[in-house]
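Visitor: just the structure for this:
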Amino acid sequence: MTEPTWTPDPQAAAETRMAHFHAAASRRAGRALGDSVAVQQWALEELDAFWSLVWDEFGVVGERGPVAHVPTTLPQAVFFPDARINLAENLLAPWADSDAPAVVWVGEGDDGLELREVVSGRELRRRVGSFARRLRARGVSAGDRVGLVLPVGPDALVCTLGALAVGAVVSSVSPEFGAPAILDRLGQLAPTVLVAAPSYRWNGKRFHRAENVAEVAVGLPSLTWVALAAEDLDDVIVDAIPEGCGVETLAGALDEDVQPEFARLPFDHPAYVLFSSGTTGKPKCLIHRGGGVLLKHLVEVGLHADVRPGDRMLFYTTTSWMMWNWEISTLALGATLVLHDGAPTYPGAAALFDSARLTGATHLGMGARLLDHMRAEGVGLREHVGADAPLRQVLVTGSPLSVPTAHWLAEQLGPAVMINPISGGTDLVGVFVGGDPTRPFHAGEMAGPTLGTAVDVYADEGVRAVDGEPGELVCLQPFPTVPVGIWGDPSGERLRSAYFDVWPGIWVHGDRSVRSEHGGIAILGRSDATLNVAGVRIGTAEIYAALAEHPAVADCLAFGQEWDGDTRIVLLVVPTAGTALDEDVQASIRTSIRRACSPRHVPAVIVAVSDLPRTQTGKISEIAVREAVHGREVKGLSALANPSSLDEIVAAVPR
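Guide: Okay, the predicted model is just below:
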């Protein structure tokens, strides 16, 4: 059995929220539950008692009702059926009449990082109250959709909480996305309100996006009001907005001195719609219930991340990533939310650790690939964190944390800083597997499932895999953030086919995984064709749409190639007749993808081929290409109409 990479100090472990929860669970169960393994066993046997305890221990604001869980079979999930609750009310409850910092905002300046603003709890509530009042004045009510195209910052937070306060459903897309990609997402929801930023900073530069915002506004005929996060109205946007749709600066909607009024709604009332990657068409719009988001995040942020009142959480994200929705739940725990806007490596590789020092962060979260990059550059983290820094936990997600980087991180930060890799997804707007502040961390794996989620590893035959045997990551029982559904899928067929087609009643997450001898779980990679590059899930269909009218591209296929500990996008292109795939043409292809989608969609390698593998029904087979390039067995080869095309591709792709 391997030695742990990090082991909690016994006294520090005893002071964690997790340890206190162990004691509370023991009292509720009427027997000793001495560790997280015992608590997890009890939780899965007594879901009603466990989730009732979570509500009580964290002091959830609302009307609970007598029942916490009604037994069902997935995809059904019934929790707190009689509850009335508001997510924003709970996130803001600790900040009533508080002059303590609720938000600290860091961003790119002309000469590096700068502290842009500190927002007190009192001021945050005032801004949220003002925005919520303006929404109501504009006729927005429970169930209406509010779309945000904003960078990370107080504006995005205030608009999210204000919309949630009135019971609206919030969806956000980061501003670097092109108008077609934004419309593929928000256009499905028919939002009545759009809040957008005409510009944003990234990697030391300011990008002006007025024309992009104007195209989005024109493409959303359902809009009745547009608010611009800018000092002045931009004529390009104002002139494009259809007559009858109001437009003003966001600042004008935040100037009232008023406390927020919260609409308490059923537990299952939608709070967020998050978007899948768009692998097989337009991104799926996953509907997440407000009550479920709150309860699940209290377990993940409060227990597994051990966030306490007075802590400061900085988790690097964009507003398109589910970690945005996850990190703002920090507020419900009385902890300060640190928002970092800009590129994660500006002005240097260790910028996020500089940001943590600047803001006094106790918790820092980022993608594993960023840490790999720092290690490769020989960064000395203590030089950036500081000798007496309050940092006590580094959370890592987006892709598996490699063993060498885990050891390097432990050596750099020392035993006082917990290393906490987590893994989950947009699908559940949360975490399936993560760390535990009362248990050791072994490099290459995570401590185990989050409390209350029946996560396991199944072999291909549909039985529980033995330790060390790769299989599919599954969840066997309902949990509070099972999506209510997919927007535009009233029958539930798309939801069932996405997660429950393999084994009925069992959530198949799409991650190849393995359970270790320690009871931990390691993620080996994605099971499907979704691209996962530097922690960002990318749909191939969006890339194809961006190139649909490109004069040099007759056909194309994108796949993820394992490369240098991560995944890179490789784009196979069948050029149009008489076209050579020279440097100028490749640059044009990359520009088209960047404009229509985002910089993250741009392929690292573009390769010319004469043909692409297709099924007998004419569909291109990305998985066949991926497996062949990696030298693995291509399953279902007989289903391909032209299997010989794989030989040319394998020979052409650099390795």
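
Visitor: contacts and neighbour counts: CA atoms only from here.
Guide: OK.

Visitor: how about Leu254, what does it touch?
Guide: For Leu254, the contacting residues are Arg127, Val128, Ser130, Phe131, taking C-alpha atoms under 8 Å, 6 or more residues apart in numbering as the criterion.

Visitor: nearest to Ser423, of those residues?
Guide: The shortest approach to Ser423 among these belongs to Val128, at 31.0 Å (C-alpha to C-alpha).

Visitor: and Ser423, how many neighbours?
Guide: Applying other C-alpha atoms under 10 Å, we find 22 other residues in the vicinity of Ser423.

Visitor: so what's it up against?
Guide: Thr397, Gly398, Val431, Phe432, Val433, Gly434.

Visitor: of those residues, the lowest pLDDT goes to which?
Guide: When the contacts of Ser423 are sorted by pLDDT, the bottom entry is Gly398 at 74.

Visitor: I'd say that one and Ala368 touch.
Guide: Yes - counting by C-alpha atoms under 8 Å, Gly398 touches Ala368, with 6.4 Å between them.

Visitor: what does the lengthiest helix in the chain contact?
Guide: Ranked by residue count and defined by DSSP state H, the top helix of the chain is helix 121-137. Counting by C-alpha under 8 Å, 6+ apart, helix 121-137 makes contact with 92, 95-103, 141, 158-159, 161-163, 165-166, 253-261, all of which sit outside it.

Visitor: ok, now which ones touch His509?
Guide: With contacts defined as C-alpha under 8 Å, 6+ apart, the neighbours of His509 are Glu472, Leu473, Val474, Cys475, Tyr499.

Visitor: now with 10 Å, please.
Guide: His509 is in contact with 424-425, 427-428, 432, 455, 472-475, 498-500, 526-528, counting by C-alpha atoms under 10 Å, 6 or more residues apart in numbering.

Visitor: likewise Ile328?
Guide: 91, 103, 157, 160-161, 297, 313-315, 335-339.

Visitor: repeat for Gly414
Guide: With contacts defined as C-alpha under 10 Å, 6+ apart, the neighbours of Gly414 are Trp6, Arg382, Arg392, Trp408.

Visitor: give me the phi and psi for it.
Guide: With angles defined as degrees, to the nearest 10, Gly414 sits at phi 80, psi 180.

Visitor: buried ones in stretch 112-125?
Guide: By neighbour count, and taking 16 or more other C-alpha atoms under 10 Å as the criterion, the buried residues in stretch 112-125 are Leu113, Val118, Val119, Ser120, Gly121, Arg122, Glu123, Leu124, Arg125.

Visitor: just checking, the third one touches Ala102?
Guide: Looking back up the chat, that one is Val119. Yes - Val119 is in contact with Ala102 according to C-alpha atoms under 10 Å; the separation is 5.9 Å.

Visitor: which neighbours do the two share?
Guide: Both Val119 and Ala102 are in contact with Arg125, Thr336, Leu337, where contact means C-alpha under 10 Å, 6+ apart.

Visitor: can I get those in TSV with distance to Pro603 and pLDDT?
Guide: Formatted as TSV, the shared contacts of Val119 and Ala102 follow (distance: C-alpha to C-alpha, whole Å; pLDDT from 0 to 100):
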residue	distance to Pro603	pLDDT
Arg125	43	98
Thr336	37	98
Leu337	34	98
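
Visitor: quick one: which of those residues is nearest to Val466?
Guide: Each of the shared contacts of Val119 and Ala102 was checked against Val466 using C-alpha to C-alpha; the closest is Leu337, at 40.6 Å.

Visitor: what's the helix or strand where that closest one lies packed up against?
Guide: In the assignment (DSSP states H and E), Leu337 maps to strand 336-341. Here strand 336-341 touches strand 101-109, strand 112-120, helix 154-165, strand 199-202, strand 312-315, helix 322-328, helix 351-359, going by 3 or more C-alpha pairs under 10 Å, 6 or more residues apart in numbering; DSSP states H and E.

Visitor: single out the most deeply packed of these.
Guide: Taking mean count of other C-alpha atoms under 10 Å as the contact definition, the stretch among the helices and strands packed on strand 336-341 with the greatest mean neighbour count is strand 312-315, which reaches a mean of 29.

Visitor: in contact with Trp326, which residues are there?
Guide: Val293, Leu294, Lys296, His297, Leu298, Glu300, Val301, Phe315, Thr317, Val429, Gly430, Val431.

Visitor: what residues are up against the residue located most distally from the centre of the chain?
Guide: When distances are taken from the C-alpha mean of the chain, Gly578 lies farthest, 42.8 Å away, according to C-alpha atoms, centre = their mean. Applying C-alpha under 10 Å, 6+ apart to Gly578 gives the contacts Ala552.

Visitor: so for it, what's the pLDDT?
Guide: 90.

Visitor: partner strands of the strand holding Leu337, with direction?
Guide: Listed by DSSP bridges, the sheet partners of strand 336-341 and their directions read strand 101-109 (parallel), strand 312-315 (parallel).

Visitor: and those strands as a markdown table, adding distance to Asp372?
Guide: Compiled in a markdown table, those are given as follows (distance: least, C-alpha to C-alpha, whole Å):
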| stretch | distance to Asp372 |
| --- | --- |
| strand 101-109 | 22 |
| strand 312-315 | 17 |
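
Visitor: shaky segments in the stretch 201-350 of the chain?
Guide: In the predicted model, the stretch 201-350 of the chain carries pLDDT under 70 at residues 277-281.

Visitor: tell me where it has helices.
Guide: 210-218, 235-240, 290-297, 322-328 (DSSP state H, counting those that start in this stretch).

Visitor: of these, which is nearest Pro66?
Guide: Closest to Pro66 of the helices of the stretch 201-350 of the chain is helix 290-297 (C-alpha to C-alpha; 15.3 Å).

Visitor: mind checking which helix or strand of this structure has the lowest mean pLDDT?
Guide: Evaluated with mean pLDDT, DSSP states H and E, the helix-and-strand set of the chain has its lowest mean pLDDT in strand 536-538, which scores a mean of 64.
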